[in-house]
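Trainee: this is a predicted model, with the sequence first.
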Amino acid sequence: MSSPGTVLLTGAAGRVGTMLRERLPGYGYRLRLLDRVPLPSPVPGEDALVADLHDTEALRRAVRGTDAVVHLAALPAEDTFDAILRTNIVGTYHVYEAARAEGILRVVYASSVHATGFAAVPAPDEPRTPVSCPHRPDTYYGLSKCFGEDLAQLYWDRAGIETVSLRIGSCADEPPPYERSLSTWLSPGDCARLVHAALTAPEVGHTVVYGASANTRGWFDLGPARALGYEPRDDAERYAERILADPAARATDHDRAWLGGPFTTGPGPWPPAAG
């Protein structure tokens, strides 16, 4: 996709979807919005559709006639394996099958830092974490993002669908909420800049990048994202004094040890073993 066109935005009613819904039209995109719930505050003229990712006929109709897909729809945190399987894994497969059937050749996939959540946080004097970091998911949620990246690679190799997989850190409004966010924050404006670069960069094949702003304390190598044309403008450091003054926002030992931070310890569907 060499220039702005019509983009299907799945998960358009979610947090990141709302950010992009507000910002991508400024780059010249026409948006087709898809979610399983009605979109709040519809704007006259918006092309908004309500459908589940498992309604494969509706999904094909949503994809038809677009130039690219930005796939955000997913359970956004840990859940049971069956729930993650249905929405994040099978649902993503349905998106790629719809794209293949309709001849759509560019997808931007919302992966996550939690695909590498059990990778160690780099020390200040160490290189930032590269995208070549092996998958080390911290949850079923993170595991689903590993699957999505591998699915994207398969559909590039077998079907010629190009994908940029964005390992998003912490995409949040300003100010970012926690000490950990000083390293992982992706601002709403930078999120739109990153997605725009991922949609328009030529010959991406399947490219994996970390998604974060230009944070002074950043953990991620943003070189591959910059190679797409991404130029982050924001830095969480300007909020550091405020964040560090709040005891409830301070980092835990796991925040400092693992890229996945609280996801590495959250109980979710992981009850204590018997015995």
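Mentor: Sure, I can see it.
Trainee: contacts only, for residue 77.
Mentor: Contact analysis of residue 77 by C-beta atoms under 8 Å, 6 or more residues apart in numbering lists 141, 268. Any C-beta I mention is one placed from the backbone N, CA and C, and that applies to glycine too.
Trainee: which residue comes closest to the residue nearest the centre of the chain once chain neighbours are left out?
Mentor: Centroid-nearest residue in the chain: residue 110, 2.7 Å away (criterion: C-alpha atoms, centre = their mean). Spatial nearest neighbour of residue 110, excluding adjacent residues (C-beta to C-beta, 6 or more residues apart in numbering): residue 72 at 4.7 Å.
Trainee: so what's the one you found up against?
Mentor: With C-beta under 8 Å, 6+ apart, residue 72 has these contacts: 9-12, 14, 16-17, 20, 110.
Trainee: most surrounded residue in the residues you listed?
Mentor: Comparing the contacts of residue 72 by number of neighbours (other C-beta atoms under 10 Å), residue 9 comes first, having 30 neighbours.
Trainee: surely it is within a strand?
Mentor: Yes - according to DSSP: H, G, I helix; E, B strand; the rest coil, residue 9 belongs to a strand.
Trainee: you'd agree it is up against residue 30?
Mentor: No - applying C-beta atoms under 8 Å as the test, residue 9 and residue 30 come out as separate, 10.7 Å apart.
Trainee: where in the chain is pLDDT low?
Mentor: Within the chain, the stretches with pLDDT under 70 are 1-3, 274-275.
Trainee: please repeat the previous calculation with a cut-off of 90.
Mentor: Counting by pLDDT under 90, the chain has low-confidence residues at 1-4, 40-46, 254, 266-275.
Trainee: which residue ranges of the stretch 1-150 of the chain form strands?
Mentor: 6-10, 30-35, 47-50, 68-71, 106-112 (DSSP state E, counting those that start in this stretch).
Trainee: which helices and strands does the longest one pack with?
Mentor: Spelled out, it's strand 106-112. Helices and strands touching strand 106-112, by 3 or more C-beta pairs under 8 Å, 6 or more residues apart in numbering; DSSP states H and E, are strand 68-71, helix 91-102, helix 140-159, strand 162-168, helix 188-200.
Trainee: ok, which of those comes nearest residue 116?
Mentor: Across those, residue 116 has its closest neighbour in strand 162-168 (6.9 Å, C-beta to C-beta).
Trainee: on contacts alone, who are the packing partners of whatever helix or strand comes next after the closest one?
Mentor: Counting by DSSP states H and E, the element after strand 162-168 in chain order, helix or strand, is strand 170-171. On a contact count with 3+ C-beta pairs under 8 Å, 6+ apart, strand 170-171 meets helix 15-23, strand 185-186.
Trainee: which of the ones you listed sits most buried?
Mentor: Stretch with highest mean neighbour count among those: strand 185-186 (a mean of 28; mean count of other C-beta atoms under 10 Å).
Trainee: can you tell me the strand partners of that strand and which way each runs?
Mentor: If you go by DSSP bridges, strand 185-186 pairs up with strand 170-171 (parallel).
Trainee: re the thing from before, now the strands of the stretch 1-150 of the chain in a markdown table, with distance to residue 126?
Mentor: Shown next, in a markdown table, are these (distance: least, C-beta to C-beta, whole Å):
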| stretch | distance to residue 126 |
| --- | --- |
| strand 6-10 | 36 |
| strand 30-35 | 40 |
| strand 47-50 | 45 |
| strand 68-71 | 32 |
| strand 106-112 | 22 |
